[in-house]
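Asks: what's the 3D shape of this:
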Amino acid sequence: MAHASTQVRRVSAGLLLYRGSALETLEVLLVHPGGPFWAKKDLGAWSIPKGEAEPGEDLLAAARRELAEETGFAATGPTLPLGHVRQRGGKVVHAWAVHGDADPRRLRSGTFELEWPPRSGRLQTFPEVDRADWFGLAEARRRIHPGQAPLLDALVAALGT
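Replies: This next block holds a predicted model:
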């Protein structure tokens, strides 16, 4: 029996925490993915805290859940919709901005298991996120995954700065 090829579009949702109000004082919180694939990557590897939404899940609720799972932080204030971006691999990321503050030294990330080294038969546990930090817009543009860079422009436009 032939199987039809079905491509499932992966949908993620995330929150971009920001602080400051003027363009020159605006900072955003970005996270660095954990695990061995990202260990030596920096520029272009950082992300907004985000993760895959469950089928039928409210995307903003998923974004809040993912922020908590990946960082241990909560954002309860009003949100600014930033739209969505499609990353090179096809993943669609829906994002909102929330004014808030968090101490990166208090990062508490969820974990995942991965066979590492490959084909070793050994499962190792890694944090979903191994670092978080605040960056001004210029530095954030250098650090963020290129597919998510338009979210920084959307934040500036939403704030009218």
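Asks: going forward, measure contacts and count neighbours with C-alpha atoms only.
Replies: Noted.
Asks: ok, which stretches of this structure are strands?
Replies: With DSSP state E, the ranges of strands along the chain come out as 11-19, 27-33, 50-52, 79-86, 92-99, 111-115, 123-127, 129-136.
Asks: Name the spans of this protein whose pLDDT lies under the cut-off.
Replies: 1-9, 161 (pLDDT under 70).
Asks: before we move on, the earlier item: adding distance to Arg64 and mean neighbour count, write the strands of the chain out as CSV.
Replies: Formatted as CSV, the strands of the chain follow (distance: least, C-alpha to C-alpha, whole Å; neighbours: other C-alpha atoms under 10 Å):
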stretch, distance to Arg64, mean neighbour count
strand 11-19, 7, 23
strand 27-33, 14, 24
strand 50-52, 9, 22
strand 79-86, 10, 17
strand 92-99, 10, 22
strand 111-115, 17, 14
strand 123-127, 18, 14
strand 129-136, 16, 20
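Asks: and of those strands, who's closest to Ala157?
Replies: strand 79-86 (9.0 Å; C-alpha to C-alpha).
Asks: partners of that closest one, with directions?
Replies: Sheet pairing here is set by DSSP bridges, and for strand 79-86 it gives strand 92-99 (antiparallel).
Asks: what's next to the partner strand, contact-wise?
Replies: For strand 92-99, contacts defined as C-alpha atoms under 8 Å, 6 or more residues apart in numbering pick out 9-19, 50, 59-60, 63, 75-87, 151, 155.
Asks: Surely Leu152 and Leu137 touch.
Replies: Yes. With contact defined as C-alpha atoms under 8 Å, Leu152 and Leu137 form a contacting pair (7.4 Å).
Asks: What spatial separation is found between Val93 and Gly20?
Replies: 24 Å (C-alpha to C-alpha, to the nearest Å).
Asks: do Ala149 as well
Replies: Distance from Ala149 to Gly20, by C-alpha to C-alpha: 19 Å.
Asks: The two: which is more packed in?
Replies: Ranked by neighbour count (other C-alpha atoms under 10 Å), Ala149 and Gly20 place Ala149 first, with 18 against 14.
Asks: Glu54: how many residues sit nearby?
Replies: 12.
Asks: Enumerate every residue touching Leu60.
Replies: 13-14, 95-96.
Asks: can I get the strands of the chain in JSON lines with distance to Ala39?
Replies: JSON lines is the format used below for the strands of the chain (distance: least, C-alpha to C-alpha, whole Å):
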{"stretch": "strand 11-19", "distance to Ala39": "22"}
{"stretch": "strand 27-33", "distance to Ala39": "8"}
{"stretch": "strand 50-52", "distance to Ala39": "19"}
{"stretch": "strand 79-86", "distance to Ala39": "24"}
{"stretch": "strand 92-99", "distance to Ala39": "23"}
{"stretch": "strand 111-115", "distance to Ala39": "14"}
{"stretch": "strand 123-127", "distance to Ala39": "11"}
{"stretch": "strand 129-136", "distance to Ala39": "9"}
